[in-house]
Each structure stands twice: as structure tokens, then as C-alpha cells.
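Engineer: This is a predicted model, with the sequence first.
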Amino acid sequence: MADNTSISYEEAMKNCAKEPVQAPQCVQENGMLLAVDIKRGGQIIAVSDNSDAVLGCPCDALMGSFLAECMPSDFLTSFKAADEKLKQGSDYEIFAWEAGEQSFFSRIYYSQAWLVVETEIDVTDPGLKRSCYFDRALLDISNTNSTEQTLQKLCRSISELSGYERVLVYQFDDSWNGRVISEHTTREDIEQYIGLSFPASDIPSQVRALYHVNPIRYIADVDTEDAVIVYAEELGSMALDLSLGTIRGKSPIHTEYMKNMGLQRSMSVAIFDQNQLWGLVSCHGVSAQPLSYSTRLNIHSLVKLAEQRLMLQKQFEADRFFDRVEESRKALLDRKREIKSPQQLLEDQGHFWLKLFEAVAVALISAQTQRVIGEHIDVSTLHKVRDWLNENHSVTGVFSERDCRLSEIRQAIPELPYCGVLAVSMPIDKRNQGWLVFFRVQETEVFRWAGKLEKGEVREYKGRQVLSPRHSFEQWQQDVDGYAPIWTEIQIEAAKTLAEDLAIGASAYQIEQLNQELTEANQRLEHLVHTDALTQVWNRYHMEQTLEEEVKRCKRHGRDLAVILLDIDHFKRVNDDYGHDVGDKVLKLISEAIHQWLRSSDVFGRWGGEEFLIIAPETDLESANQLAERLRRRLSNLQFDKVGQVTASFGVAELLPSEDRNSLVKRADNALYQVKESGRNSVEVSPGK
Ligand SMILES: Nc1nc2c(ncn2[C@@H]2O[C@H](COP(=O)(O)OP(=O)(O)OP(=O)(O)O)[C@@H](O)[C@H]2O)c(=O)[nH]1
């Protein structure tokens with residue numbers, strides 16, 4: 001992200017990435033190295049030329065001899081145990097040993113078939129009461145409650161423990177620029193880097209890769225010459241891989257970089273988040289001062305403790321976030337409340353989600369639904385978003401984007417004013433995939449860089465263009481547009497969970513809708529089964545059932561029950577003279593009229609053709625007779641379009657204690673027949689009780 005686009009800069013970056021980050025044939029002079037051939041019984045095949053200064057034994061004397069012959073017994077005992085552990089699979093082992101008055105630390109590891117032994121004298125760190133500091137530091141760090149606090153304590157503790165004048169923590173961004181998020185300095189004249197960003201090129205990829213192998217890099221003193229490793233003659237041009245070591249030689253470019261920064265010594269320790277390089281603790285010293293191996297181990301322990309605290313705090317933050325997500329889920333899936341449509345659920349929860357996801361708009365887009373909470377987005381744009389998501393991301397069901405300039409969705413839908421998009425599919429059904437989509441606006445990201453990578457800082461090194469170590473760490477500010485804040489893993493996970501819940505909500509709602517439709521269909525069916533299609537009064541089936549019930553009820557309670565059977569007179573003529581349609585209309589009008597003239601307790605239905613039945617509960621024969629007479633008169637007074645007057649004949653019967661419904665209707669029918677026989681438009685009563 002550095003402000004450099006020139007070809008020479010990019011080439012130089014690439015060349016830098018090829019550059020080894022160590023001088024392979026050297027070790028720093030604070031320790032000595034020897035390598036042995038295990039197959040040849042531990043014969044020494046490489047020795048650094050400072051062996052005399054560290055072990056008191058010159059290089060020539062060690063070369064070709066066997067470990068068992070030239071190393072003291074205390075070393076050999078510890079070495080044996082450590083070597084066993086290496087054989088069991090550990091990458092490296094360390095152990096302390098003594099010879100005469102002197103204490104030593106050795107670190108052993110394999111470089112291909114050779115076993116490498118690095119040894120340092122255990123110097124006493126001047127002015128430090130290490131154990132007390134270390135214990136205090138452990139307590140301090142383990143009692144911290146926030147990332148900021150943890151890192152502050154870590155920087156301060158390391159500085160106190162080691163005497164480094166500046167200890168800082170870089171956190172990497174997704175482009176591997178390191179931002180200084182915590183810093184402790186011991187002197188006022190030490191420049192502060194807090195808040196500044198160091199470009200990715202300062203810690204290139206091969207350096208970052210090395211931290212995965214060996215999380216500590218220690219430069220004892222930039223000004224001392226490294227010791228050269230001498231190899232046994234028969235090995236020709238071999239080179240040991242010292243990646244697992246701590247005293248590997250300084251790369252000239254790194255040395256120069258440190259000098260430009262005004263540093264005499266440094267140590268950096270990687271901080272990991274689940275095997276991902278999260279950041280670096282970088283310790284800077286402006287004066288030469290030895291740092292014992294054991295203090296370096298202590299610093300590593302503190303970093304490991306802080307790493308645990310950071311991850312715990314991160315988990316705690318994630319838990320808090322998920323607690324809020326859970327709150328929302330409960331509301332979405334609350335079975336006690338009425339079942340709501342997905343749109344209603346979005347309306348209920350949308351504003352809460354906007355805060356939770358730091359978004360400006362959230363939309364639910366499916367074939368049936370387009371609903372947005374927050375900033376307005378028009379429907380046609382929402383359709384395009386859905387179509388684009390269906391076409392490009394329906395398989396994974398997730399799409400997240402933060403970069404305006406690279407965003408495929410922005411290129412496909414230029415009118416979409418957002419560059420931050422997080423979309424998760426709602427698995428309602430495969431053909432009709434719905435999407436829950438969050439939108440963020442672009443924000444200006446401010447970088448305060450420590451120094452500027454200028455074209456002029458590309459230079460020739462070993463015949464090719466490389467980046468020159470920077471001379472200037474002077475601050476400059478760069479405002480980078482075109483990004484929305486990054487969508488974090490937990491936000492993506494939470495969005496997926498909420499979309500699944502919404503999909504469940506949508507299904508429940510669909511089922512509820514279907515149930516309602518089914519109930520309505522059943523009601524319609526019930527109506528059809530019991531109603532006469534032409535006149536919309538009860539049909540014969542219903543009338544028979546009702547009469548059966550009424551007969552039973554009236555007998556049980558000893559109540560009266562009467563029926564009136566009526567038949568329209570000469571109805572055939574109506575059909576013949578005016579047509580069937582007119583006949584139908586007359587039947588409908590007569591039904592409507594009689595229905596209106598009856599009491600609500602009377603049951604009126606079509607018995608067949610132009611014949612109708614009235615069931616009159618709680619009605620004796622005389623009352624039924626009067627009712628029939630009243631109906632006959634009112635009917636004969638009606639005037640029908642084209643047809644004019646229409647009359648009907650009535651047969652009345654009351655329920656006798658001994659009879660059933662068939663007999664009751666039969667007697668009414670007989671009475672009706674008599675009316676028809678004797679001239680029509682009259683009422684005849686079957687003899688009563
Ligand atoms: N338009 C129409 N006519 C019907 C319907 N149901 C029965 N009819 C007619 O009603 C007439 C009944 O004729 P008939 O049984 O001879 O009796 P009528 O002409 O009414 O004479 P009487 O009952 O003796 O007074 C027939 O022409 C049937 O076709 C119907 O749903 N619509």
C-alpha cells in the first residue's frame with residue numbers, strides 16, 4: 001500500500017524477497033557454532049572461528065574431533081538427554097551446563113543430516129534483578145483485561161527486564177503493513193513510533209516466513225563482526241541451514257536498516273493468532289549491552305503469555321458479540337409470539353443489526369421480498385444485486401467485499417453506492433435463493449507512515465536492484481480511500497447464523513400461510529358440500545342432516561317441530577316461456593325472499609328442483625300453518641321481471657311422537673300434493689297430534 005508504483009520499486013521489492021535474511025556462513029559473535037556428523041559418531045565437521053573466545057578451544061583443535069572427546073562432561077550429559085528429545089521429534093532443544101567457573105547455554109537442532117550446536121556464555125545482565133522483574137511481569141500481564149493494557153504491560157515489562165530503550169508492538173494488516181499499536185520508551189530522546197505504520201517491505205515475506213520456524217530474532221550488536229563458519233575440507237561448498245538457531249549471522253541490509261534507525265541491538269518476537277502471524281514485538285536498543293540467553297527466554301515466555309491473553313480477550317469480545325447475536329436470534333425464533341413474515345422480522349431486528357454489523361443498510365432480497373432497513377436502495381438495484389449474487393455466489397452462499405476499486409459487484413452494478421458488501425444466502429429453497437445483505441460505505445483510512453519509500457532508495461546490490469534500507473523514518477500521512485472496514489470472520493459467521501434463522505422464520509411463515517389457505521379451502525369445501533350452488537341456500541344433504549338432528553332434539557326435550565314443503569306452481573311454464581336462465585333467476589329471487597322472511601331459528605333449503613323445505617323448530621302446527629299462509633301471500637304479491645306473478649303450494653306437517661323425519665316430510669309432501677290437486681297457491685295441513 002506504500003505510495004510507490006514505479007517499476008524499479010516493484011522490481012526491487014521482488015528482488016528483496018529473494019534476498020536471504022541471514023548471512024549463511026556466519027554467526028553473531030555472542031555465540032559459537034559447531035556442527036557434527038551423527039553418522040560418523042559425532043565428528044565435528046563445521047566450527048565458527050570464534051570458538052576459542054566462547055569455549056576456550058580454537059577452531060582447528062575442534063575440527064575433525066568428536067564431541068565426546070572435546071566437550072566437558074556436564075555438556076555431554078545434558079546433550080544426551082536433549083538429543084533424545086530431538087529424536088522424538090522436537091525442532092530444537094536448549095540446555096544449560098557448566099564448565100569450571102563458567103555457565104553456558106546450548107541450543108541444538110538438525111540442519112539436514114548434521115546436528116548443529118550453538119553455545120553462548122551465560123552473561124549476567126548488567127543492572128537487572130531478573131527473577132523479580134520476571135515474576136512481577138508475569139503477574140502484571142496475567143491480570144490485564146484489554147488488548148491495549150496487555151500490550152502496554154508487555155512492552156514495559158520487556159523493557160524493564162532487558163534494558164531495551166524502546167519496545168513496541170506492530171500489528172499486521174491484511175497487506176502486511178505493520179502498525180505500531182503499543183510502545184514503551186525509557187528515554188525522552190528516543191523517537192516515538194506509536195500509531196505509525198511500517199510498510200510491508202520493511203518485514204518482507206521471507207522474514208515473516210522465518211518467524212513461523214523460529215519466533216525469535218536477536219541481533220546482539222550491529223557493530224561487531226560476525227564469526228565465520230569453517231567447514232571441514234571434504235564438505236566443499238556446503239552451507240548449514242541456521243533457521244532454527246538464535247545466533248545466525250546478520251544480513252547486511254538488516255544491519256544497515258538498524259543503523260539508519262539509530263539502533264545498536266534488537267530483538268523481535270512473533271505474536272501468533274492460531275498459527276497466523278498476528279504481529280511482532282520489536283525491541284530496540286540504542287547502546288551496546290549484552291542480553292543473556294535466559295533473559296531472552298524470559299522475554300519469549302512473556303510474549304507467549306501475552307499472546308494467550310490477547311487471544312482470550314479476542315474470544316471474550318467475540319463472545320460478547322455473539323451474546324448480542326443470540327439476543328436477536330431469540331427474538332427471531334420466539335415461538336410464543338405470532339409468526340411473522342421475513343419482512344416483519346427484518347423490520348423488527350434491522351436497526352439492531354445495523355449497529356451490530358456497523359452497516360448503513362441491510363436488505364432482505366428474494367423473489368417475493370425486497371426490504372431495506374437503513375439507507376434507501378431502490379428496488380431495481382436490489383434485484384440486480386440478487387441476480388448478481390445468484391449468478392456468481394449461489395454455490396458458496398457467502399460473498400464479502402470491502403474494496404471499492406476491486407469490487408466485482410461494483411463493476412457489475414455501478415449504481416450501487418457501497419463498496420462494503422456482506423451477503424449470505426437464505427436457504428429458503430434452491431430455485432428461489434434469498435439473500436441477507438449488509439452494506440457499508442467507503443471510509444478514508446489514514447496511514448501515518450514511518451518514513452517514505454522513495455524511488456531514490458532503490459539501489460544496486462550484488463548486481464541487481466534492491467530496496468535500499470530506509471534512511472528516513474520521518475512521518476508522513478497518507479489518506480487511502482476506496483475501502484470499507486473489513487468484515488471480520490465473526491461478523492460473517494453471525495450473518496450466516498442470522499440468515500439461517502430468517503430462513504427458518506420464512507419457512508414457518510410459509511407453513512402458517514399454507515395452513516391458513518388450507519383452512520379457508522376446507523371452509524369453502526364445507527360450504528360447497530352443504531350449499532345449493534344456484535340459490536346459495538342449504539342443499540338437500542344439509543336439510544336432511546339438520547332435520548335428523550332437530551327430530552332427535554325435539555323428541556328428547558318434548559318440543560314442537562314443524563316442516564313446510566313448498567313447490568312453485570307451474571314452474572315448467574316459466575322455463576318454457578322465458579327460458580331456463582329466467583327460470584334460474586326466479587328460483588334465486590324466491591330463495592332470497594323466503595330466506596329473508598323467515599326467523600333466524602328456521603332452517604330453509606332447497607329440497608329439489610323447484611321444491612323447498614322449511615324446518616321450523618319450536619313451532620306447532622297452527623303457527624306453521626300461519627307461517628306458510630304468510631309466505632304464500634307474500635310470494636304471490638311479488639312481481640318478477642318478464643314473468644310477473646309466481647305462486648307456490650304449501651304442505652305443512654308437525655312432528656308426531658311416533659314418527660321419524662321421513663314420515664314427517666312424507667306427510668308434508670302428501671299435504672302439498674293435495675294442494676296441487678285442488679288448484680295450487682294454497683296451504684294444506686297434515687293432521688297433527
Ligand atoms: N330453471 C330451472 N328450472 C328448474 C330447476 N329445477 C327444476 N326446474 C324445472 O321445474 C319444472 C318443474 O316442473 P313440474 O315438475 O312439471 O312442475 P310444475 O311445472 O312446477 O308444475 P306443478 O308443480 O304441478 O305446479 C321443470 O320444468 C324443471 O325443469 C332449476 O334449477 N332451474
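Structural biologist: Arrived safely, thanks for sending.
Engineer: Residue 683 and residue 629 touch, don't they?
Structural biologist: Yes - the pair residue 683 / residue 629 is scored as a contact, 5.1 Å apart, by C-beta atoms under 8 Å. All C-beta spots, glycine's among them, are computed from the backbone N, C-alpha and C.
Engineer: More neighbours: which of those two?
Structural biologist: residue 683 (24 against 15; other C-beta atoms under 10 Å).
Engineer: gap between the more buried one and residue 677?
Structural biologist: 14 Å (C-beta to C-beta, to the nearest Å).
Engineer: Name the surrounding residues that touch stretch 385-394.
Structural biologist: Here stretch 385-394 makes contact (C-beta atoms under 8 Å, 6 or more residues apart in numbering) with 363, 365-366, 399, 408-409, 412-413, 416, 423, 425, 433-435, 437.
Engineer: For ChimeraX, write the select line for the buried members of the residues you listed.
Structural biologist: With 16 or more other C-beta atoms under 10 Å as the burial test, the buried ones among the contacts of stretch 385-394 are selected in ChimeraX as follows:
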select :363,365,366,399,409,413,416,423,425,433,434,435,437
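Engineer: picking up where we left off before, common neighbours of residue 683 and residue 629, please.
Structural biologist: Common neighbours of residue 683 and residue 629 (C-beta under 8 Å, 6+ apart) are residue 650.
Engineer: Kindly list the main-chain dihedrals of residue 179?
Structural biologist: With angles defined as degrees, to the nearest 10, residue 179 shows backbone torsions of phi -100, psi 130.
Engineer: One more: the one 10 residues further on?
Structural biologist: Its backbone dihedrals place residue 189 at phi -80, psi 0, with angles given as degrees, to the nearest 10.
Engineer: residues near it, how many?
Structural biologist: 7.
Engineer: and which of the contacts of stretch 385-394 is nearest to residue 214?
Structural biologist: residue 399 (38.3 Å; C-beta to C-beta).
Engineer: what residues are up against that closest one?
Structural biologist: Each residue near residue 399 by C-beta under 8 Å, 6+ apart is listed here: 389, 392, 393, 409, 421, 422, 423.
Engineer: Which members of those define the maximum pairwise distance?
Structural biologist: For these, the farthest-apart pair by C-beta to C-beta is 392 and 422; their separation is 14.7 Å.
Engineer: more crowded one of these two?
Structural biologist: For residue 392 versus residue 422, neighbours defined as other C-beta under 10 Å are more numerous around residue 422 (25 against 13).
Engineer: Was I right to think the more buried one contacts residue 409?
Structural biologist: No - assessed by C-beta under 8 Å, residue 422 is found out of contact with residue 409, at 11.0 Å.
Engineer: And for residue 475, the neighbour number?
Structural biologist: Neighbour count of residue 475, defined by other C-beta under 10 Å: 16.
Engineer: Ok, residue 69 next?
Structural biologist: 10.
Engineer: Mind pulling up the pLDDT for it?
Structural biologist: For residue 69, the model assigns a pLDDT of 92.
Engineer: now it: how far from residue 43?
Structural biologist: For residue 69 relative to residue 43 (C-beta to C-beta), the value is 10 Å.
Engineer: For the residue lying closest to residue 682 once chain neighbours are set aside, list the residues it contacts.
Structural biologist: Leaving aside its chain neighbours, residue 682 sits nearest to residue 675 (4.9 Å; criterion: C-beta to C-beta, 6 or more residues apart in numbering). Counting by C-beta under 8 Å, 6+ apart, residue 675 touches 649, 650, 651, 681, 682, 683, 684.
Engineer: Need those residues in JSON lines (columns: distance to residue 593 and pLDDT).
Structural biologist: Shown next, in JSON lines, are the contacts of residue 675 (distance: C-beta to C-beta, whole Å; pLDDT from 0 to 100):
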{"residue": "649", "distance to residue 593": "16", "pLDDT": "98"}
{"residue": "650", "distance to residue 593": "15", "pLDDT": "98"}
{"residue": "651", "distance to residue 593": "19", "pLDDT": "98"}
{"residue": "681", "distance to residue 593": "16", "pLDDT": "97"}
{"residue": "682", "distance to residue 593": "19", "pLDDT": "97"}
{"residue": "683", "distance to residue 593": "17", "pLDDT": "98"}
{"residue": "684", "distance to residue 593": "22", "pLDDT": "97"}
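Engineer: Among those residues, name the buried ones.
Structural biologist: Buried, going by 16+ other C-beta under 10 Å: 649, 650, 651, 681, 682, 683, 684, out of the contacts of residue 675.
Engineer: quick one: the last one is in a strand?
Structural biologist: Yes - assessed by DSSP: H, G, I helix; E, B strand; the rest coil, residue 684 belongs to a strand.
Engineer: Domain parsing of the protein, as residue ranges.
Structural biologist: 7-317, 334-442+484-515, 531-685 (automatic domain parsing).
Engineer: could those be laid out in JSON lines, adding distance to the ligand?
Structural biologist: What follows is those, written out as JSON lines (distance: least, C-beta to the nearest ligand atom, whole Å):
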{"stretch": "domain 7-317", "distance to the ligand": "78"}
{"stretch": "domain 334-442+484-515", "distance to the ligand": "37"}
{"stretch": "domain 531-685", "distance to the ligand": "3"}
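Engineer: quick one, which of these is nearest to residue 523?
Structural biologist: Per C-beta to C-beta, nearest to residue 523 of the domains of the chain: domain 531-685, 11.6 Å.
Engineer: what comes up buried for the strand or helix carrying residue 256?
Structural biologist: If you go by DSSP states H and E, residue 256 is part of helix 252-260. By neighbour count with 16+ other C-beta under 10 Å, helix 252-260 contains the buried residues 253, 254, 255, 256, 257, 258.
Engineer: same question for it, mean pLDDT?
Structural biologist: pLDDT averaged over helix 252-260 gives 83.
Engineer: hey, C-alpha coordinates of that helix in PDB?
Structural biologist: Listed next in PDB are the C-alpha coordinates belonging to helix 252-260 (Å, rounded to 0.1, in the frame of the first residue of the first chain):
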ATOM      1  CA  PRO A 252      23.900  -6.600   5.700                       C
ATOM      2  CA  ILE A 253      20.700  -5.000   4.600                       C
ATOM      3  CA  HIS A 254      19.200  -5.500   8.000                       C
ATOM      4  CA  THR A 255      22.300  -4.200   9.800                       C
ATOM      5  CA  GLU A 256      22.100  -1.100   7.600                       C
ATOM      6  CA  TYR A 257      18.400  -0.600   8.300                       C
ATOM      7  CA  MET A 258      19.100  -0.800  12.000                       C
ATOM      8  CA  LYS A 259      21.900   1.700  11.800                       C
ATOM      9  CA  ASN A 260      19.700   4.100   9.800                       C
END
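Engineer: Give me the residue ranges of the stretch 451-600 of the chain where confidence is low.
Structural biologist: Scanning the stretch 451-600 of the chain for pLDDT under 70 picks out 451-474.
Engineer: Mind doing that once more with 50?
Structural biologist: 455-456 (pLDDT under 50).
Engineer: tell me which element the residue most central in space within the chain falls in.
Structural biologist: Geometric centre of the chain, nearest residue: residue 493, 1.6 Å, by C-alpha atoms, centre = their mean. Using DSSP H and E, residue 493 sits within helix 489-530.
Engineer: Quick one: distance of that helix to the chain centre.
Structural biologist: Relative to its chain's centre, helix 489-530 lies at 24 Å (C-alpha atoms, centre = their mean, to the nearest Å).
Engineer: Nearest spatial neighbour of residue 83, chain-adjacent residues omitted?
Structural biologist: residue 108 (6.8 Å).
Engineer: Number of residues surrounding the one you found?
Structural biologist: 22.
Engineer: Distance from the host helix or strand of it to the middle of the chain?
Structural biologist: Residue 108 belongs to strand 102-111 when elements are defined using DSSP H and E. Centroid separation between strand 102-111 and its chain, computed with C-alpha atoms, centre = their mean, is 47 Å.
Engineer: This completes my enquiry, with thanks.
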